[in-house]
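Peer 1: Structural data only, the sequence is not supplied:
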């Protein structure tokens, strides 16, 4: 389930089929094709595509000083409410985001820009915790998202954590690496093209990419660059030796070429009413785990090319950086498919609030839940991630189900178990 390249015209056809409510078997087919990568630029003999200039920054967030610019990634270690945590903090333009976990618990919590009503807090930065899952059969009352309200000063952050019940606790973290964690930078690109270049109110196509790249002189840096380029464009081969600027230009050129091809028969007099032709393509790559010579990256993609809504999904990549290889499931566990299915079904019921005797298809398409190839891990669990439409309706979003390593005792790969310090 990668970020696969398809022309806009094919994508639109697939979305139309989707809107006709075909069976969920059809949904699974579409999911593998919902997100754009890059095709080779087409030589059609037509005039070149008119696009706006690439801008390698993103729009500012109102509570970040405009003079305080620059992209970065920082691995930060410290405490929240007196408990040890690790935060993978990223900044693209003026926008902060991050993934953190309590080291004694291990589960990941994502941080993103606060909703508009919660953004302003003086000079502080406000990030909200969030999840994409929406299990509407839960009996518990919905709670407010937790928030981080902090000030950023170079290599440290200080502030308060507001939990889901409104309680406030101190947080303090500092940038920290060791011999088994790695340094990165962040690149940001954005671009746009009008459907009718001479019409100021024309529909537009927009692109945006925010992603980490290796920084520093560690030996795996060149290899990781190639892996990241493959994520952004799954037609990329290491022999191409492209810069990131060149790679992104290829992606944008292909996207805008297909966009103009899709709209070539539309009437420019209707330019202002063609809102369904406001296309979007976004990609980001974030760090979830960066420790013990293991690296977990999330490649998120979003595309809108007409229809009722856009499509999105995240694919996870686990790397053994010390050995310069992408990890297979067998590098983590020897458990077979039947055992993993049993554990996934048990843990899904707990996560979704289902009773032991309730069927999985109360929420899912089927009354079973099999492991897939989209897996990753934290300090205490193996997680399988299912993109929208893969196992449940779009409203449930991307569904991540963790299996605690304690449930896999006796089935863990000895090398992985030792390096992770698992009992």
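Peer 2: Arrived safely. Just so it is clear, the model here is predicted, and its values are computed rather than measured.
Peer 1: Residue 276 contacts residue 304, doesn't it?
Peer 2: No - using CB atoms under 8 Å, residue 276 is not in contact with residue 304, being 9.2 Å away. Glycine gets a C-beta too; all of them are placed from N, C-alpha and C.
Peer 1: More neighbours: which of these two?
Peer 2: When residue 276 and residue 304 are compared for neighbours, residue 304 comes out ahead with 19 against 13, by other CB atoms under 10 Å.
Peer 1: and the longest helix along the chain, what does it pack onto?
Peer 2: In the chain, with assignment by DSSP state H, the single longest helix is helix 244-262. Helix 244-262 sits against helix 8-19, strand 184-194, strand 204-214, helix 221-232, strand 279-291, with contacts defined as 3 or more CB pairs under 8 Å, 6 or more residues apart in numbering; DSSP states H and E.
Peer 1: Tell me the buried residues in that helix?
Peer 2: Buried positions in helix 244-262, judged by neighbour count with 16 or more other CB atoms under 10 Å: 244, 247-262.
Peer 1: Run the angle between it and strand 184-194 for me.
Peer 2: Counting by axes from the mean of the first three to the mean of the last three CA atoms, to 10 degrees, helix 244-262 lies at 30 degrees to strand 184-194.
Peer 1: next one: helix 244-262 to chain centre, how far?
Peer 2: 21 Å (CA atoms, centre = their mean, to the nearest Å).
Peer 1: In the protein, which residue is most central in space?
Peer 2: By CA atoms, centre = their mean, the chain has its centre lying nearest to residue 300, at 3.1 Å.
Peer 1: Next up, identify which helix or strand that residue is on.
Peer 2: strand 294-304 (DSSP states H and E).
Peer 1: Strand partners (parallel or antiparallel) of that strand?
Peer 2: strand 279-291 (antiparallel), strand 311-320 (antiparallel) (DSSP bridges).
Peer 1: Which SSE is immediately downstream of the lowest-mean-pLDDT helix or strand in the chain?
Peer 2: Every helix and strand of the chain was ranked by mean pLDDT, DSSP states H and E. The lowest is helix 24-31, at a mean of 37. As assigned by DSSP H and E, the chain's next helix or strand after helix 24-31 is strand 72-80.
Peer 1: and that next one with strand 184-194, angle?
Peer 2: 120 degrees.
Peer 1: And strand 72-80, what does it pack against?
Peer 2: Against strand 72-80 (3+ CB pairs under 8 Å, 6+ apart) you get strand 83-92, strand 156-162, strand 168-175, strand 184-194, strand 279-291.
Peer 1: What's the end-to-end length of stretch 392-402?
Peer 2: End-to-end distance for stretch 392-402: 17 Å, by CA to CA, to the nearest Å.
Peer 1: what's next to that stretch, contact-wise?
Peer 2: The contact list for stretch 392-402 (CB atoms under 8 Å, 6 or more residues apart in numbering) reads 107, 132-136, 309, 312-314, 344, 347-348, 351, 363-365, 369, 378, 381-388, 391.
Peer 1: Among these, which lie within helices?
Peer 2: Among the contacts of stretch 392-402, the members falling in helices (DSSP H) are 344, 347-348, 351.
Peer 1: Using PyMOL, define a selection of the buried residues within the residues you listed.
Peer 2: Filtering the ones in helices among the contacts of stretch 392-402 down to the buried ones (16+ other CB under 10 Å) takes a single PyMOL command:
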select buried, resi 344+347+348
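Peer 1: which one of the ones in helices among the contacts of stretch 392-402 sits closest to residue 200?
Peer 2: residue 351 (48.8 Å; CB to CB).
Peer 1: Distance of the closest residue to that closest one other than its chain neighbours relative to residue 147?
Peer 2: Residue nearest to residue 351 in three dimensions, not counting chain neighbours: residue 401, with 6.2 Å by CB to CB, 6 or more residues apart in numbering. Using CB to CB, to the nearest Å, residue 401 is found at 26 Å from residue 147.
Peer 1: Could you chop the protein up by domain?
Peer 2: 40-57+181-326, 74-175, 329-420 (automatic domain parsing).
Peer 1: In the stretch 151-300 of the chain, where is pLDDT below threshold?
Peer 2: Flagging of the stretch 151-300 of the chain using pLDDT under 70 yields the residue ranges 271.
Peer 1: returning to what we had before: point out the most buried one among the helices and strands packed on strand 72-80.
Peer 2: strand 279-291 (a mean of 22; mean count of other CB atoms under 10 Å).
Peer 1: ok and the strand holding residue 300 relative to strand 204-214, angle-wise?
Peer 2: Going by the same axes, to 10 degrees, strand 294-304 makes 180 degrees with strand 204-214.
Peer 1: That concludes my questions; thank you for your assistance.
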